[in-house]
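Colleague: Just a sequence and a predicted model for now, questions to come.
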Amino acid sequence: MNNDNIVKKVCKELGITQKELAERLGVNEGTPAQWSSKGNIPEWAKKFMDCLLEKKECEEKLQKFQTAFKLIDEAKK
């Protein structure tokens, strides 16, 4: 993943603003904008944002499994 754009990618993927991202990260609300423009993101923040993306992906996969299991249960009836 391109670290220069990870802030924008996370905000887009999660449908949140940079201010909301700052709240999740526990940093000042202007910090993600600075990271986005300067590309100087601390390693901990990169890892946290990667985890946010992975969490979203896992939730989407779980939803697909739940839908599949529901369809299987309905087909058994």
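Modeller: Looks like it came in fine. Numbering: from 1, shown residues only.
Colleague: what's stretch 14-32 in contact with?
Modeller: For stretch 14-32, contacts defined as C-beta atoms under 8 Å, 6 or more residues apart in numbering pick out Val7, Val10, Cys11, Ala33, Ser36, Ala45, Phe48, Met49, Leu52, Leu53, Lys56. Yep, even glycine has a C-beta here, placed from its N, CA and C like the rest.
Colleague: can you do 10 Å?
Modeller: Stretch 14-32 is contacted from outside by 6-8, 10-11, 33-36, 41-42, 44-45, 48-49, 52-53, 55-56, using C-beta atoms under 10 Å, 6 or more residues apart in numbering.
Colleague: Is there a quick ChimeraX command that grabs whichever of the residues you listed are buried?
Modeller: To isolate in ChimeraX the members of those that are buried, counting by 16 or more other C-beta atoms under 10 Å, one can use:
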select :6,7,10,11,35,36,41,45,49,52
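Colleague: What's the local residue count around the closest residue to Phe48 other than its chain neighbours?
Modeller: Spatial nearest neighbour of Phe48, excluding adjacent residues (C-beta to C-beta, 6 or more residues apart in numbering): Leu25 at 6.1 Å. By the other C-beta atoms under 10 Å criterion, the neighbourhood of Leu25 contains 19 residues.
Colleague: Equivalent analysis for Leu14, please.
Modeller: Look at Leu14: counted by other C-beta under 10 Å, it has 16 neighbours.
Colleague: again with the one 5 residues further on
Modeller: Lys19 has 13 neighbouring residues, counting by other C-beta under 10 Å.
Colleague: Next secondary structure after whichever strand or helix holds it?
Modeller: Under the criterion of DSSP states H and E, Lys19 resides in helix 18-25. Following helix 18-25 in sequence order, the next helix or strand is helix 31-38 (DSSP H and E).
Colleague: Please point out which parts of whichever helix or strand comes after that next one sit buried.
Modeller: Remark: after helix 31-38, the chain's next helix or strand is helix 43-76, criterion DSSP H and E. For helix 43-76, the neighbour count (16+ other C-beta under 10 Å) marks Ala45, Met49, Leu52 as buried.
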